[in-house]
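Asks: Need a 3D model of the sequence below.
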Amino acid sequence: MAGFCVGVTGGVASGKSEVTRRFETLGIVVADADLAARAAVAGGSEGLAQVVAAFGNDILDPHGALDRAAMRRIVFADPAARKRLEAIVHPLVRAMLREQCAAAPGAYAIAAIPLLAEGGGREAYPWLDRCLVVDVPVAVQQARVMRRDGIDAELAQRMIDAQATREARLAIADDVIVNDGALEALQIQVEALDRRYRALAASPQA
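Replies: Numbers count the residues shown, from 1 in each chain. Now for the predicted structure:
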């Protein structure tokens, strides 16, 4: 049972997934908020029942599962609808992540939370012992998004602007990985933090 949990976050194209993958190769369990969000509204779940109660049966596909395209159209067109959906899904996701981290074997566990700064920060996740931000300069973010998604600079910048600012993420950080260089440099940073987290998890004050 892992009694020590690290939240990992970062902006679009910062390399969060690569960072968490490298922690996994070191034997650390990663609880993923994106996967938890899907599980929270899976077919037959209490979460899906709450979403249907709030938005009606039109958000279901013919098989009774959530029609994600229909749901996206609703919430992107109506900020109040998005807040209603988040009020249902976010508490379920937080509970799932906490449960998965608590049950994880190993010295500590990681909760990968892309929208940690946007979703209430440390106040929404008081059980996180540390917050690790994967940070890159905005210009690097933009170039990576353009290359990854095959889009122009204007759309890439809009995607970046839709998230919390770099400064807002860094404001909640206990630790920072600067991921603007070679993968070898990333590995060195991950291994150093792994040693630090193992030591913190083993200390009586943790």
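
Asks: drop to CA atoms for contacts and neighbour counts, all remaining ones
Replies: Will do.

Asks: Low-confidence bits of the chain, can you list those?
Replies: Within the chain, the stretches falling below the threshold (pLDDT under 70) are 1-2, 204-206.

Asks: all helices for it, in order.
Replies: Along the chain, the segments classed as helices by DSSP state H run 16-25, 33-40, 46-55, 68-77, 79-103, 121-124, 138-149, 153-161, 166-171, 183-202.

Asks: Out of those, which gets nearest to residue 112?
Replies: Nearest to residue 112 among the helices of the chain is helix 33-40 (5.9 Å), distances taken as CA to CA.

Asks: residue farthest from the centroid of the protein?
Replies: Largest separation from the mean C-alpha position in the chain: residue 62, at 29.8 Å (CA atoms, centre = their mean).

Asks: For residue 51, see how far away it is.
Replies: Going from residue 62 to residue 51 by CA to CA, to the nearest Å gives 16 Å.

Asks: Spit out the contact partners of residue 134.
Replies: The contact partners of residue 134, taken as CA atoms under 8 Å, 6 or more residues apart in numbering, are 8, 9, 10, 11, 14, 15, 16, 19, 176, 177, 178, 179.

Asks: and if we set it to 7 Å?
Replies: Residues in contact with residue 134 (CA atoms under 7 Å, 6 or more residues apart in numbering) are 9, 10, 14, 15, 16, 176, 177, 178, 179.

Asks: any idea how far the residue farthest from the centre of the chain is from residue 72?
Replies: In this structure, residue 62 and residue 72 are 17 Å apart, going by CA to CA.

Asks: what do you get for residue 14?
Replies: Per CA to CA, residue 14 is found 24 Å from residue 72.

Asks: Looking at those two, which is more packed in?
Replies: A count of neighbours by other CA atoms under 10 Å puts residue 14 above the other of residue 14 and residue 72, at 25 against 13.

Asks: wait, the more buried one sits on residue 138?
Replies: No - using CA atoms under 7 Å as the test, residue 14 is too far from residue 138 to be in contact (9.3 Å).

Asks: Report how many residues lie close to residue 108.
Replies: Residue 108 has 26 nearby residues by other CA under 10 Å.

Asks: Tell me if I'm right that it and residue 3 touch.
Replies: Yes - Residue 108 lies in contact with residue 3 (CA under 7 Å); the separation is 6.5 Å.

Asks: start to end distance for stretch 122-132?
Replies: End to end - CA to CA - stretch 122-132 spans 12 Å.

Asks: cool, stretch 163-172 as well?
Replies: Stretch 163-172 has an end-to-end distance of 15 Å (CA to CA).

Asks: again, but for stretch 49-66
Replies: Across stretch 49-66, first to last residue, CA to CA, it's 10 Å.

Asks: Determine how far it lies from the middle of the whole chain.
Replies: Distance, stretch centre to chain centre, for stretch 49-66: 25 Å (CA atoms, centre = their mean, to the nearest Å).

Asks: Show me which residues of that stretch are buried.
Replies: For stretch 49-66, burial by neighbour count (16 or more other CA atoms under 10 Å) applies to 49, 51, 52, 59, 60, 66.
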